[in-house]
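**Student:** the following block contains a protein sequence and its predicted model.
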Amino acid sequence: MASKGQMTGMLGTYLAAAELTQKGLVVSITSRNARGAHLLAADQEYKRTWSVQVKTNSKPASFLAA
């Protein structure tokens with residue numbers, strides 16, 4: 001069974017992949033034990049590519065209203 005931290009990390013990875021896909025990129029999630037990149041992304045023509053490392057935090061965000 002995966003720990004709470006592992007589940008939070010994978011949730012962040014999938015959320016980041018979803019956001020990049022919505023912006024029109026082609027995204028592939030790497031295996032959990034891959035070194036460095038969690039996501040591989042490319043534009044629709046495959047002319048530009050990016051490796052993405054995702055950092056997640058399970059603490060709720062707090063914003064100060066101005």
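**Tutor:** Structure received.
**Student:** contact partners of stretch 27-35?
**Tutor:** 6, 10, 13-14, 17, 20-21, 37-41 (CB atoms under 8 Å, 6 or more residues apart in numbering). Bear in mind the C-beta positions are built from the backbone N, C-alpha and C, glycine included.
**Student:** which of these tops the neighbour count?
**Tutor:** Most neighbours among those, by other CB atoms under 10 Å: residue 38, with 22 neighbours.
**Student:** is the nearest residue to it once chain neighbours are set aside in a helix, a strand, or coil?
**Tutor:** Leaving out its chain neighbours, the residue that sits closest to residue 38 by CB to CB, 6 or more residues apart in numbering is residue 54, at 4.5 Å. Assigned state for residue 54: coil (three-state reduction, DSSP: H, G, I helix; E, B strand; the rest coil).
**Student:** tally of neighbours for residue 54?
**Tutor:** Residue 54 has 17 nearby residues by other CB under 10 Å.
**Student:** state the distance from it to residue 60.
**Tutor:** 18 Å (CB to CB, to the nearest Å).
**Student:** picking up where we left off before, reformat the contacts of stretch 27-35 as TSV; add distance to residue 50 and secondary structure.
**Tutor:** Below are the contacts of stretch 27-35 laid out as TSV (distance: CB to CB, whole Å; DSSP: H, G, I helix; E, B strand; the rest coil):
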residue	distance to residue 50	secondary structure
6	24	helix
10	20	helix
13	15	helix
14	17	helix
17	12	helix
20	9	helix
21	13	helix
37	9	coil
38	12	coil
39	8	strand
40	7	strand
41	5	strand
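**Student:** quick one, strands of the protein?
**Tutor:** Taking DSSP state E, the strands of the chain run over residues 26-29, 39-42, 49-52.
**Student:** give me whichever of the ones you listed is most buried.
**Tutor:** Of all those, strand 39-42 carries the top mean neighbour count, a mean of 17, counting by mean count of other CB atoms under 10 Å.
**Student:** so what secondary structure elements neighbour that strand?
**Tutor:** Using 3 or more CB pairs under 8 Å, 6 or more residues apart in numbering; DSSP states H and E as the contact test, the elements touching strand 39-42 are helix 4-22, strand 26-29, strand 49-52.
**Student:** good, we can wrap up now.
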